[in-house]
Every structure is written in C-alpha cells, then in structure tokens.
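Visitor: dropping a prediction and its sequence here:
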Amino acid sequence: MKNISVAQQMRRASLAGALLAAVALPAGAVDLKTGDGSWTFSISGNVNVDYIYSSCQSPASAAPVDGGLTCVGSANGNNVSNIGNGLLPAAFSFGVATTQNGIDLAAHLGLYPGIATNDGGSPNLQGGNSNGSSNTALGSTGLDLRQVYMTFGNKDMGTFTLGRNIGLFGADVILNDMTLLGVGAPGSAASAAPSNTTLGGIGFGYIYTDWLAQIDYTTPDMSGFAFTVGIFDPINSLSDAATVQPKKAPGFHGKLSFTMPLSGEGNKFYVSVAALTQEQDYVAGTTPYDYRGTGEDLFAKLDLQGFEVFGYVYHADGLGTTALFNGGAINTVVNGVPVFGETRTSKGYLAQVSYKIGDVKLGVNYGDSKLDKASGDDPNLVTDNKKATVGVYYSLTKNLMLLGEVSRTKSESDAGSNDATTVNVGAFLGF
C-alpha cells in the first residue's frame, strides 16, 4: 500500500441536518414557501474553525509506518500549528420539498467550502506548487460538492434515494463520533499542506463511509425497524497501482436498524447492522485479476438522562483501512511469483462515553483500526492505528458551540511505532 496522504483518504437525509441535530442546533434555519405553499425551500449548515497544535514523533526516533496516521516531525522541529476546519468543512445545504399525489418529493444540494489555502485545484487532493506546498499566498480555498440527490416516497411506501449522498457502511459511527464537530486526529493539519478537513476518528476505529452515487430504498418504520438496500457506484481502489478496468457490476450496500424508545424524554436505545460488497477489476502488465471487497459493521447506542454511550465494531476483507479500498489487496511479485489481488483483512472498534451537564458536554472516545498483512507484504506496512480523545463542548448559545479536545494517536508496523499528541480549541456555528 502506498503511503497515501491523509488528505487523499478523506472524501441519508442531509448530513448538515444530522449534524445540527447531534448538537441540538436547529436544522433548516431558513425555510421559504412559494406563494401557493406547494414548495418549501430551506438552507442549513455550519461554519467551524479551530486552532490545531500537534506535537509529532521526532524523525530521529520515528519508525517506518507505511499508511500510518500519526504525524512525524521534520528537520525544523516536531511541532505543527494550523488554523483550519476540523473533521467537517463548512457546510451549506440547500433543499426543496413538496408533496404531490400523496408522495413526498425532495432534492438536496450540499456545498462544503473549507478555509485551507488550496492551490492544487481540489479541496482535499492538492497538487501543490513549485516548492511542494499548497498552503501559500495567492491561493484560495476549495469547494467540495459532496451531495446532490433526490428522494421520493411517504410513510406507507418507504423512501427512494437517488444521487450522491453519504454511504451506509460506517455512517452511524461517524455521525455520532463527538470529534465530528471538532478535530480528533489532525491528519493533514499536522503537515505543511493542510487540506479542508482533519481525520477525527477516521482510520482510528472505523473506515470512512464516503459520499457515493447510489440508488437505494428505505422501508417504512416497522415497529422501530427499518431496512435500507441499494446499488452504489463501484469506486476504484485508492492504492492499487495496476491498470483499473471497467466494473462488471455495481456495489451492493444494506443496513438494518432498530430504535427502541425508553421511558423519559429523549431516552432511547438504537442498534444497526450495515454491510457492503463490491468487486475490483485490474490488469497488472498483461495479467488480469480481480478481488472482492466486503465489510460488515455493528453499531449500538444508549441515550439515558444526559449520558450517551455507544460501541462500534467492523470487519472487512479487501476494503483496506481508513478509506474504502485503501490497501485492500496486494499487487506485487514475491520470490518471482506474482501475487495479484490477494486481499487483506481489516477490523476495528470505537467506544465513546459522554455526559451533558447543563450547556457543557464532556466526552471521551477510543478507537483502534487493525490491518492484517497478505503474504509477502512489506514489514513497514501499517498494522495498527489507534487514538484516544478527551473533549469538552460548551453551547454558548443554541447555535454557537465552543470546544476543546486533546487527542493521542499511535501508529504501528512490524518495524516499530510512532506517537503524537494534538490539542485543539475552536468554535462551531450551526444554523
């Protein structure tokens, strides 16, 4: 697996609405209706900014960890300062909705600008300039178009979603990760070329769900149960160096969830299981090969009188780590024998506990992502990325949150390990 930058590793209702609900902020701050009331137009979103300070592993003592997510210092020092977005870029989500012939229709467009200076033309995949850095004067921030989708259905027939939207596998964990509104692991914010987002808990307990072109169907609520199934655009591997071939079939994703209300306002228990499967097709030289990536996860959360506790686990084969299909299979020659498409197994977990006292929320989470090697793998290939975060989140007003976090990360390979600490303070304005 190539040491792909953490920026490259980043990419159902509106996410903006889900995020604002997570921090008890009003989603859909502006709602406008046409004169006859047949259409409703809405806008919601956020702006967030953090000061991010990382104390990285000294290069003199750093172990080679190919694919590790822990920062390493440079000849100039081990500390890195950055002012930027956290795990989320800013978000402006536009929606239109109406009901015709008893069917609810809606469309959404999500725009996600950042504040990092990106002169490479992309908010997360930066080309840089002649001196190898993209964080320079005369640059501009990038715009990330993550969402464009439509929905139709009602409470009796269920809902169809068509377009580009958040995935199913790994969605519940990132939407409930407390560092979603903060920083968590710094990712590229601890480098010379920060991108629009940090890693949060991505790669440290879960694989990024991503934003994917999809056609899916969600059943009506059935006594707390709901099921979503769909076909998804078959994306290419981030790390396979062979020549990509057209895909024979789409990816298939599914998710089953159950919500059980408990006595007391806001108290509930929620559990979900999600899975995906997709084939990859490549040619290495003149040798065609393929492999299948599969993943399953389990998420469970309890909300009880100010306490929130959740646990998440996943297991995958051929999906790799951090991002979908990042290091999922090996493509090399070992002792003169081609090893093409042998898959790697990955697994991980994230646990989180938080408690809200008045306007203050205190939280701690810990995550661990492991990658098992294939035969003939480089000993420097990452085997483990783990992180612990302690956070304080203070609602100064119903729309403005002030926050601070301390995160400790560790990345391991057969050759050794690296450690780093990140501290961040910032503000999150949701509307």
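Guide: Nice, I can see it. All values derive from a computational prediction rather than experimental measurement.
Visitor: I figured Val425 was touching Tyr51, is that so?
Guide: Yes - assessed by C-beta atoms under 8 Å, Val425 is found in contact with Tyr51 at 5.5 Å. For the C-beta atoms, the positions are set from N, CA and C on the backbone; glycine is no exception.
Visitor: Lys247: how many residues sit nearby?
Guide: 16 (other C-beta atoms under 10 Å).
Visitor: on the pLDDT front, check it for me.
Guide: Turning to Lys247, the model gives it a pLDDT of 94.
Visitor: go on, Ala27?
Guide: 52.
Visitor: what's the answer for the one 5 residues further on, then?
Guide: Confidence per residue is given as pLDDT, and for Leu32 that number is 81.
Visitor: to what extent is Ser38 buried, counted in neighbours?
Guide: 10.
Visitor: the nearest residue to it once chain neighbours are set aside: what secondary structure?
Guide: Leaving aside its sequence neighbours, Ser38 sits nearest to Thr98 (C-beta to C-beta, 6 or more residues apart in numbering; 5.5 Å). Secondary structure, DSSP: H, G, I helix; E, B strand; the rest coil: Thr98 is strand.
Visitor: do Pro89 as well
Guide: Going by three-state DSSP: Pro89 is coil.
Visitor: do Ile174 as well
Guide: Classified using three-state DSSP, Ile174 is helix.
Visitor: what sits against it?
Guide: 180, 200-202, 206, 208-209 (C-beta atoms under 8 Å, 6 or more residues apart in numbering).
Visitor: how is Ala189 assigned, secondary-structure-wise?
Guide: Quick answer, by three-state DSSP: Ala189 is helix.
Visitor: quick one: contacts for Val353?
Guide: Neighbours of Val353 in contact, by C-beta under 8 Å, 6+ apart: 307-309, 363-365.
Visitor: most neighbours out of the residues you listed, which is it?
Guide: Asn365 (26 neighbours).
Visitor: so who does that residue touch?
Guide: Asn365 neighbours (C-beta under 8 Å, 6+ apart): 177-179, 201, 205, 350-353, 388-389.
Visitor: show me the beta-bridge partners of it.
Guide: Bridge pairing for Asn365 (DSSP bridges) gives the partners Gln352, Thr389.
Visitor: the residue nearest to Ser38: how many residues sit nearby?
Guide: Considering only other C-beta under 10 Å, Thr98 is surrounded by 15 other residues.
Visitor: dump the residue contacts of it.
Guide: Residues in contact with Thr98, defined by C-beta under 8 Å, 6+ apart, are 38-40, 104-106.
Visitor: pick out whichever of the residues you listed sits closest to Phe225.
Guide: Checking the contacts of Thr98 against Phe225 with C-beta to C-beta, the nearest one is Asp104 at 20.6 Å.
Visitor: so that closest one is in which element?
Guide: Counting by DSSP states H and E, the element that carries Asp104 is strand 103-113.
Visitor: show me what that strand is packed against.
Guide: strand 91-100, strand 143-154 (3 or more C-beta pairs under 8 Å, 6 or more residues apart in numbering; DSSP states H and E).
Visitor: tell me the buried residues in it?
Guide: 105-113 (16 or more other C-beta atoms under 10 Å).
Visitor: now pLDDT too, for these, in a markdown table please.
Guide: Below are these laid out as a markdown table (pLDDT from 0 to 100):
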| residue | pLDDT |
| --- | --- |
| Leu105 | 97 |
| Ala106 | 97 |
| Ala107 | 97 |
| His108 | 96 |
| Leu109 | 96 |
| Gly110 | 95 |
| Leu111 | 94 |
| Tyr112 | 93 |
| Pro113 | 90 |
